[in-house]
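1. model this:
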Amino acid sequence: MPQTSFAADALSVVTICLVALLVLLGLFCVVYSFYFRNKIRSQALVQLNYFSGPWIIRIAYIFFATWWGFGEIIRLNLLRHNGTFLNALSSKWQENLCKGYIISNLGFAEPCLFLTLVFLLRGSLQKTGALSQKWNATTFGFVLLCCSPIFILQLVIILVGSSYEEHQNRILKLPSYFIKSAIKNDDIALCTYPLLSTSFLGLFALVLTIYLCWLGRRILNLVINRGMQKRVYTLVFSISSFFPLRVVLLGLSVLSKPESSVFEAVVFLAFLSFLCCAGVGICMLVYLPIADSLALRSPPGDDLEASRSGNNESVSLIANEESMVSGSPRNSARGSISFRTKEIEDEGSGTFVELSLFNLSRDSSPMGSPTRILGWPMIHTREP
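-> Numbers count the residues shown, from 1 in each chain. Next comes the predicted model:
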């Protein structure tokens, strides 16, 4: 059994606690999603029905985050101490667990998490056929399809690494840290990060980060609410910064030995980076859209100013429908609920971004009266 420092073991304990918090946050948001859907059905809130459109993809995002978290626990050296359940396994089985961790997390969970986030943001810009049950199924299929290349590459690297020692004299000689996913030390196997696996993940992250920044720029062109702009900036900045940072840190981990405290510290920082990505995504794409949707229902008797203030901030990041009837059949909205635009036929040809989709307070306009749009004219931008 290799000697490990107290600091390395403490980082492992902190990792387990943070994963537990992530799982609890995910479970809370899943329950919150079902509560929201049940509230819509039980109270016949047809106006809010389309807000829950991407609920399957939101839960899939939480599933991928939870999957990733459990994988991070499996690779910890702390679980290979004497008396732990992984220490009871043979070194061969421990090595297989490390291989499975690389394929599972670097080849499946992390790419799928990033892809799901991108598709959720992309759905907010679709004008037709978005956020229906068919959209959920199609999007989930596209996530798996787009993840398959990186998954296959990681699988090939692990398979090549398994036979590297047996055929290293017949093939191109590479340093072991390029393809080895585990190193044996005192009859146990310590998980490492093959540099080739990290490089392919970095290439994948680079492509999606560029697309995410371009997508965020398009979204910001449609948003006029400051609170919404802050959310978009926070989401795009955190994902485009922390995910590449994780890849860089994993690449640097090959410079130290797996049993050293330096390795544990670098890997923990890489874990913390991706944890921030997953946590911010859950808050911005799952919890806040639901909370904002429920806030749209102001009960009668509320203060008008509070109602308007709440509604102005009640802008969901992801929700979309081809059309929505509001008061009069002539008033239809297309695009995202977050960045929904409305063509006003009665008041000119300008396009407005709605700040308040529903106003159910006592000051709402009576049915049949002209609809007043809370917003400002938006200059049309040419689609890139």
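
2. where does the protein dip in pLDDT?
-> Applying pLDDT under 70 to the chain picks out residues 1-5, 44-52, 127-132, 164-172, 224, 296-384.

3. can you pull out the helices in it?
-> Ranges of helices within the chain are 6-42, 55-74, 91-101, 110-123, 133-162, 195-220, 226-252, 261-282, 288-295, 304-313, based on DSSP state H.

4. deepest-packed of those helices, please.
-> Mean neighbours per residue, mean count of other Cβ atoms under 10 Å, is largest over those for helix 110-123, with a mean of 24. C-beta here means a position set from N, CA and C on the backbone, and glycine is covered the same way.

5. contacting residues around that one?
-> 54, 57-58, 60-61, 64-65, 68, 130-131, 135, 139, 142-144, 146-147, 150-151, 201, 204-205, 208, 211-212, 215-216, 219, 235, 239, 243, 274, 277-278, 281, 285, 317-318, 320, 336 (Cβ atoms under 8 Å, 6 or more residues apart in numbering).

6. thinking again about what came up before, turn the helices of the chain into a markdown table, columns for distance to Ser181.
-> Below are the helices of the chain laid out as a markdown table (distance: least, Cβ to Cβ, whole Å):
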| stretch | distance to Ser181 |
| --- | --- |
| helix 6-42 | 19 |
| helix 55-74 | 12 |
| helix 91-101 | 5 |
| helix 110-123 | 15 |
| helix 133-162 | 6 |
| helix 195-220 | 8 |
| helix 226-252 | 12 |
| helix 261-282 | 13 |
| helix 288-295 | 37 |
| helix 304-313 | 47 |
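
7. out of the ones you listed, flag the one nearest Ile183.
-> helix 91-101 (9.0 Å; Cβ to Cβ).

8. rewinding a little: out of the helices of the chain, nearest to Phe178?
-> From the helices of the chain, taking Cβ to Cβ, the stretch that ends up closest is helix 195-220, at 4.8 Å.

9. now the closest one against helix 226-252, angle please.
-> 170 degrees (axes from the mean of the first three to the mean of the last three Cα atoms, to 10 degrees).

10. give me every residue that touches Val13.
-> Val13 sits next to Leu78 when contact means Cβ under 8 Å, 6+ apart.

11. err, Cys98, not the other one
-> Arg75, Ser181, Ala182, Ala189, Leu190, Cys191, Thr192.

12. repeat that with 10 Å
-> Residues in contact with Cys98 (Cβ atoms under 10 Å, 6 or more residues apart in numbering) are 74-75, 158, 180-183, 189-193, 258.
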